[in-house]
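Colleague: coords below, sequence missing:
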């Protein structure tokens, strides 16, 4: 055995267990295991959870806020500023900022990320190229999925579709999309059609930024039903992820229900982005400002898989962030009013099991024999304390190897 973790709590109210790994997988999960290993960790009763996941993040845009701040805090200014900055992207600078973000992620217990680099005539393929290089560089510490993401649109930015295909041939593993960033509803539909056609050609999953607005008065921001029906018609159930989905939250329950039911039928996973969406959303509301949030509770109640992510880190879209899913989960629990013990457990599942499903890695994920040996040991005695304490990550383990460790000795002086 390569690693043996003793005296760890993986379920509250149940005995401590030992977890043994070999060749990157769990080979035993049981109390009082009689075995030895190349390395033994005594967790001393600390809680452990599966490795945390970030299913939606923009690496090459990170850490740009101080270079050109978004003074108005609006989505329009964020897009304008980012367009200027990404036209000046330099490979080594992108790599340096991305490494800072990935190092933050590792320290916070993240074991896999889905990165969404822009693919367009402004930035070219620098985000994809650097992302693939980083995936190789960091392969022992985390898994990095690369999305071919057409931020500037496909029809609106001629040549983008060919660049997306080139990105897939380079090694990008997901077909991205930004259908609302087209000029007309008809072009939004064509954008979606093009993404599905490309995904089918290359046998890749689809991950679209969709319905990112305060309301659905513009049909470009009410594309969820069209996307869900497209997934069903093409046999892509369970292979589509949608990020943001804030305008869905502006609908009355009776209006939202048929859309949500169709999302459930299409087995679409939803990624809510609470930090970005609540920061940018509702800016024009003079009274009863909207939260600008995906309707998490309604989706959950309908059986739709919902997860969450950091999205942007310290840039024009989100001036805060440190790639900590527990911090974002705590924020989401407040905003979405998910405070009961059952709700908090659900929020933790959103960052683990639900995120794994959305990223297409659910078959090898979890604290079970035969699964990939990824876990985070938290400096707290109960799993339920994860969102309450936001505890230090005592050990982060990827494929049975420790990638980060810290021990805190605290003393209060009175």
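Modeller: Received the coordinates, thanks. What you see is a predicted model, and the numbers here were worked out from it, not measured in a lab.
Colleague: ok, how many other residues are close to the nearest residue in space to residue 159 that is not next to it in sequence?
Modeller: Distances taken as Cβ to Cβ, 6 or more residues apart in numbering place residue 121 nearest to residue 159, at 5.5 Å, with adjacent residues excluded. Yep, even glycine has a C-beta here, placed from its N, CA and C like the rest. Using other Cβ atoms under 10 Å, the number of residues around residue 121 comes to 12.
Colleague: I figured residue 121 hits residue 161, correct?
Modeller: No - at 11.3 Å, residue 121 does not count as touching residue 161 under the criterion of Cβ atoms under 8 Å.
Colleague: who's in contact with stretch 82-96?
Modeller: Residues from elsewhere that reach stretch 82-96 (Cβ atoms under 8 Å, 6 or more residues apart in numbering): 59-61, 64, 67-68, 118, 122-123, 126-127, 129-130, 133-134, 152, 315-317.
Colleague: same check on stretch 317-329?
Modeller: For stretch 317-329, using Cβ under 8 Å, 6+ apart, the contacting residues are 52-54, 57-58, 61, 65, 69-70, 75, 78, 82, 101, 104-105, 108-110, 274-276, 279-280, 308-314, 347-348, 350-351, 386-387, 390.
Colleague: which stretches of the protein have low pLDDT?
Modeller: Counting by pLDDT under 70, the ranges of the chain that qualify are 408.
Colleague: any idea how far the spatially most central residue of it lies from residue 6?
Modeller: For the chain, the residue nearest the mean C-alpha position is residue 55 (2.2 Å; Cα atoms, centre = their mean). Counting by Cβ to Cβ, to the nearest Å, the gap from residue 55 to residue 6 is 31 Å.
Colleague: next one: residue 20
Modeller: Residue 20 is 9 Å from residue 6, where distance means Cβ to Cβ.
Colleague: in the sheet, who's paired with the residue lying closest to residue 33 once chain neighbours are set aside?
Modeller: Spatial nearest neighbour of residue 33, excluding adjacent residues (Cβ to Cβ, 6+ apart): residue 18 at 3.9 Å. In this entry, residue 18 is beta-bridged to residue 30, by DSSP bridges.
Colleague: residue 18 contacts residue 4, correct?
Modeller: Yes - counting by Cβ under 8 Å, residue 4 is a contact partner of residue 18 at 6.4 Å.
Colleague: what's the overlap in contacts for the two?
Modeller: 33, 35.
Colleague: tell me where the stretch 101-250 of the chain has strands.
Modeller: For the stretch 101-250 of the chain, the strands defined by DSSP state E, counting those that start in this stretch occupy 110-115, 143-148, 174-177, 206-210, 240-244.
Colleague: check the offset of the fourth one from the chain's centre.
Modeller: This points to strand 206-210. Distance, stretch centre to chain centre, for strand 206-210: 12 Å (Cα atoms, centre = their mean, to the nearest Å).
Colleague: likewise for stretch 211-221?
Modeller: 22 Å.
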